[in-house]
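Trainee: Sequence and predicted structure are below.
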Amino acid sequence: QLQLVESGGGLVQPGGSLRLSCAASTFSLENTAIGWFRQAPGKEREGVSCISGSDGTTYYSDSVKGRFTISRDNAKNTLYLQMNSLKPEDTAVYYCAARRKFRQCVLFHEFYDYWGQGTQVTVSS
């Protein structure tokens, strides 16, 4: 069973930055499709960014493209999400998730099998 633990959330002012981390145990992330999702109160969970395990291709939602960067450190078995130019609408609980069988990542949460507990990101002045 893959375990994922997120960290790095917090309160930040608009225009600020945060870096989220997702540490994996019992399973290597190197060849795993893994991504970041978020869920704001009263809204559905949405895909933010993901990275494929097959070739490292990255994908971003239109709402974060150019502001967020996903990366993976295979030596540390950790996934990151660097978030810059944060906006109040980025406020949500952020989750990392991994696919069990497929190396291709997609930004649809229904296709992911393992989830972390989430970390709160609040963007407010």
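Mentor: Sure thing, it's come through.
Trainee: Give me the residue at the spatial middle of this structure.
Mentor: When C-alpha atoms, centre = their mean is applied to the chain, the residue found nearest the centroid is Trp36 (2.0 Å).
Trainee: beta partners for that residue?
Mentor: Ser49, Cys96 (DSSP bridges).
Trainee: mind listing what it touches?
Mentor: 20, 22, 47-50, 70, 79, 81, 94-97 (C-beta atoms under 8 Å, 6 or more residues apart in numbering). Every C-beta, even on glycine, is put in place using the N, C-alpha and C of the backbone.
Trainee: Leu79 too?
Mentor: Ser21, Cys22, Ala24, Leu29, Ile34, Trp36, Ile51, Ile70, Ser71, Arg72, Asp73, Cys96.
Trainee: Which stretches in this protein count as strands?
Mentor: 3-7, 10-12, 18-25, 34-39, 46-51, 58-60, 68-73, 78-83, 92-98, 114-115, 119-123 (DSSP state E).
Trainee: Let me have these in JSON lines, extended by mean pLDDT and distance to Phe108.
Mentor: Below are these laid out as JSON lines (pLDDT from 0 to 100; distance: least, C-beta to C-beta, whole Å):
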{"stretch": "strand 3-7", "mean pLDDT": "95", "distance to Phe108": "18"}
{"stretch": "strand 10-12", "mean pLDDT": "98", "distance to Phe108": "27"}
{"stretch": "strand 18-25", "mean pLDDT": "96", "distance to Phe108": "18"}
{"stretch": "strand 34-39", "mean pLDDT": "98", "distance to Phe108": "9"}
{"stretch": "strand 46-51", "mean pLDDT": "98", "distance to Phe108": "6"}
{"stretch": "strand 58-60", "mean pLDDT": "97", "distance to Phe108": "11"}
{"stretch": "strand 68-73", "mean pLDDT": "96", "distance to Phe108": "16"}
{"stretch": "strand 78-83", "mean pLDDT": "98", "distance to Phe108": "18"}
{"stretch": "strand 92-98", "mean pLDDT": "97", "distance to Phe108": "11"}
{"stretch": "strand 114-115", "mean pLDDT": "95", "distance to Phe108": "14"}
{"stretch": "strand 119-123", "mean pLDDT": "98", "distance to Phe108": "21"}
